[in-house]
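J.: Model the following, please.
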Amino acid sequence: MSRRPFRPLALACCLGLVAPLSALPAAGADPEAPETLAPIGGGYEPEAMQSFTARVADQATGETVDIFVVPSSYGDAPEDREENLELAQERTEEVEDHCEAVVDLDSFPGGCEATLLVLLDRADAMDPANSVAVIDSDADGVFVLGGDQVLAMQVLANSPAETHLEQAFEGGVVLGGTSAGNAVESVSMGAGYSEDGWPWNALERDKTIIYWGDDPASDERGLAFGSQEIILDQHFYQRGRFGRLLNWTAMSAERYGGAGKLGVGVDWATGVVIEDDRTVTDPFGNSSSAVLDLSHADEPDWVGLADTLSVRGVLTHLLAPGAGMSYDVPGRTAAMSGEPVAAPERGTQPALHRRVGGPLYLGGGMNDDGDSAALTGFVDALRTRGSGHTDVVLVAAGYEDVLQAQTAAADYGSALADAGWDGPVRVLVQGQDPLPASAFARAVGVVFIGGDQSLMALAVADRGYADAVRKSVQRPTPVLTDGAATAVLGAHYVANPTPGDDYEDVAIAEFRADGNDVVEGLGVLPGISLEPTLTYDYRWGRLYGAAAAHPQERAVGISELTALRLDRSGSEVVGERSVIVLDGSTADWGVGSNGARAAVNVWLDAYGPGDSVA
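T.: Numbering: from 1, shown residues only. This is a model prediction of the structure:
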């Protein structure tokens with residue numbers, strides 16, 4: 001049975017007679033245990049919460065496993081106080097139930113007890129009586145609830161409550177938390193997005209907010225005793241946050257020099273254990289956690305009008321449960337199957353370019369706008385080649401029906417006009433219209449658009465479509481592909497459906513070892529796979545899935561509103577956002593006990609507008 005919220009009475013009146021805060025007794029957890037953080041990326045699911053409470057039990061003493069719950073991220077509005085305390089008490093009871101599900105009653109005959117600390121506003125945190133219980137002889141764990149991490153630190157920073165939590169932590173109490181409770185566990189604390197920031201533009205310098213925590217007197221930081229070496233992020237795969245953590249990690253290298261801080265992205269219902277701020281170990285829960293390391297990277301830069309991250313040689317790892325995985329933070333080395341795996345030497349990457357044909361714009365999707373740099377570049381490259389060579393041919397494939405294909409084609413036709421094309425556009429729908437070779441041979445330019453990658457198999461198998469693509473890219477006329485039509489140009493592509501309202505669940509599932517249907521593409525561009533709408537649709541898991549399925553092929557992710565322009569002179573990123581290239585050729589790949597993909601030493605390169613892609 002869970003305890004009521006901790007509301008001290010007599011203790012509060014005589015606290016000053018017992019000892020100053022700095023001299024209060026340590027908590028009852030094993031004082032010889034490592035200082036232990038257990039961040040969870042979101043939710044209160046059994047697979048994560050029971051792992052957390054089991055870790056608390058591992059370091060617990062006494063007859064019961066005692067966990068104190070901190071609700072400071074919930075909100076401090078007086079009118080919401082009663083409701084927030086009720087909700088926090090419900091979560092406290094959940095924490096106790098999860099602990100009871102795993103506790104060994106032979107070792108702890110009293111079972112588990114969870115207690116809510118009343119720390120909802122600044123006044124609560126400034127009253128030592130509201131938090132002193134966490135350093136009594138019973139405390140074994142602390143759990144910070146999810147909510148708003150910025151608000152949580154406005155409540156806790158430089159308060160007796162923070163001091164008590166630090167003393168408990170240093171005395172062996174395990175500190176865990178979910179979502180916002182994850183974020184506060186690193187002193188450099190992610191604080192969300194700027195007003196116009198989103199997951200899809202988070203590789204731009206000013207689209208995310210991080211509190212570095214260099215001024216301990218400020219509340220713009222995580223907990224003072226949180227990780228000094230790691231930047232934590234939460235809901236990592238679920239909400240497409242690869243870009244923002246990559247940006248924060250790169251900015252930390254710029255700010256502090258060298259490799260900067262390590263990025264650790266923890267997904268929903270998933271967690272890791274951090275011991276003594278030196279080892280990331282014992283991954284647990286539903287999925288895996290990503291590690292981003294710039295110790296082998298070139299100096300990061302921010303390029304283009306929007307200051308988009310440009311960096312080469314980021315080493316990434318996916319830490320999955322049950323695969324013997326851990327990470328040595330000072331040594332910047334991952335382990336798999338219990339053995340350290342040194343970072344491999346990386347050879348020079350061949351530049352992407354074309355030996356024949358005119359310019360090829362590999363669009364990442366959503367380029368059906370007259371302001372699209374990919375589309376305007378394509379239009380600028382068009383040249384009338386004499387009598388009869390006046391049409392732009394536009395081919396639509398991979399749509400649910402002809403009407404949807406024609407509607408999409410009409411949107412692109414209007415965008416071409418807005419971009420300055422004043423000639424005719426001939427629309428052909430794959431599977432509905434013939435694709436005569438003469439139409440493409442006489443075209444001034446060709447556009448291939450694709451709807452859903454799961455619907456592109458018929459186009460790939462259609463000899464007329466395949467010939468049209470292959471021959472068009474060999475001619476001197478410019479070619480633009482967009483969306484799913486870009487994906488099939490590579491040696492292989494991921495044939496997963498376009499996500500709908502379940503896009504967060506899909507983003508998690510695509511980091512599973514069985515989460516991607518990787519099939520043969522047209523092979524127009526050998527040695528690579530292509531993934532469009534990378535950042536808007538949270539397709540980072542597809543990129544890792546393609547790299548794992550065919551490690552010798554580079555997996556190239558192209559963001560929406562962006563294109564990779566290839567010609568005989570090389571390549572260039574054009575448009576608003578980024579191109580990401582994964583190189584898994586020297587990686588170690590595996591599968592966690594929960595089915596999540598495991599990986600060590602996957603190289604990641606990020607390119608911004610104007611960059612040449614190697």
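
J.: Touching, Phe236 and Leu246? I think so.
T.: No: contact criterion CB atoms under 8 Å: Phe236 and Leu246 do not qualify, at 11.2 Å. Every residue, glycine included, has its C-beta placed from N, CA and C.

J.: Counting neighbours, go ahead and name the busier of those two.
T.: Between Phe236 and Leu246, counted using other CB atoms under 10 Å, Phe236 has the larger neighbour count: 30 against 27.

J.: Quick one: residues contacting the closest residue to the more buried one other than its chain neighbours.
T.: Excluding its sequence neighbours, the residue lying closest to Phe236 (CB to CB, 6 or more residues apart in numbering) is Gly265, at 3.5 Å. Gly265 makes contacts with 41, 232-234, 236-237, 241-242, 245, 289-292, as judged by CB atoms under 8 Å, 6 or more residues apart in numbering.

J.: which SS state does Gly265 fall under?
T.: strand (DSSP: H, G, I helix; E, B strand; the rest coil).

J.: per-residue confidence at it?
T.: Among the per-residue scores, Gly265 shows a pLDDT of 99.

J.: Please name the bridge partners of it.
T.: With DSSP bridges as the criterion, Gly265 is bridged to Asp233, Ala290.

J.: For Glu504, see how far away it is.
T.: 15 Å (CB to CB, to the nearest Å).

J.: Output the contacts of Gly265 in a markdown table, with distance to Ala513 appended to each entry.
T.: Formatted as a markdown table, those follow (distance: CB to CB, whole Å):
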| residue | distance to Ala513 |
| --- | --- |
| Gly41 | 19 |
| Leu232 | 25 |
| Asp233 | 23 |
| Gln234 | 23 |
| Phe236 | 17 |
| Tyr237 | 14 |
| Arg241 | 21 |
| Phe242 | 18 |
| Leu245 | 22 |
| Ser289 | 15 |
| Ala290 | 15 |
| Val291 | 18 |
| Leu292 | 21 |
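
J.: Quick check: which element contains Gly485?
T.: One thing to correct before we go on: residue 485 is Ala, not Gly. According to DSSP states H and E, Ala485 maps onto helix 484-487.

J.: can you list contacts of that helix?
T.: For helix 484-487, using CB under 8 Å, 6+ apart, the contacting residues are 362-365, 395, 397-398, 448-453, 455-456, 493-494, 521, 529-532, 558.

J.: pLDDT wise, what is the spatially closest residue to Tyr44 that is not a sequence neighbour at?
T.: Ranked by CB to CB, 6+ apart and with sequence neighbours excluded, the top spatial neighbour of Tyr44 is Glu94, at 5.6 Å. Note on Glu94: pLDDT of 99.

J.: Glu94 in helix, strand or coil?
T.: Here Glu94 is helix, with the state taken from three-state DSSP.

J.: burial measure for it, as a count.
T.: 17.

J.: Show me which of the contacts of Gly265 is closest to Trp540.
T.: Using CB to CB, Phe242 comes nearest to Trp540 of the contacts of Gly265, at 4.6 Å.

J.: Report the separation between that closest one and Leu105.
T.: 42 Å.

J.: What of Pro609?
T.: Using CB to CB, Pro609 is found at 61 Å from Leu105.

J.: Just the strands from the stretch 151-300 of the chain, written as ranges.
T.: Taking DSSP state E, counting those that start in this stretch as the test, the strands found in the stretch 151-300 of the chain are 174-178, 189-193, 208-211, 230-233, 262-266, 270-275, 279-285, 289-293.
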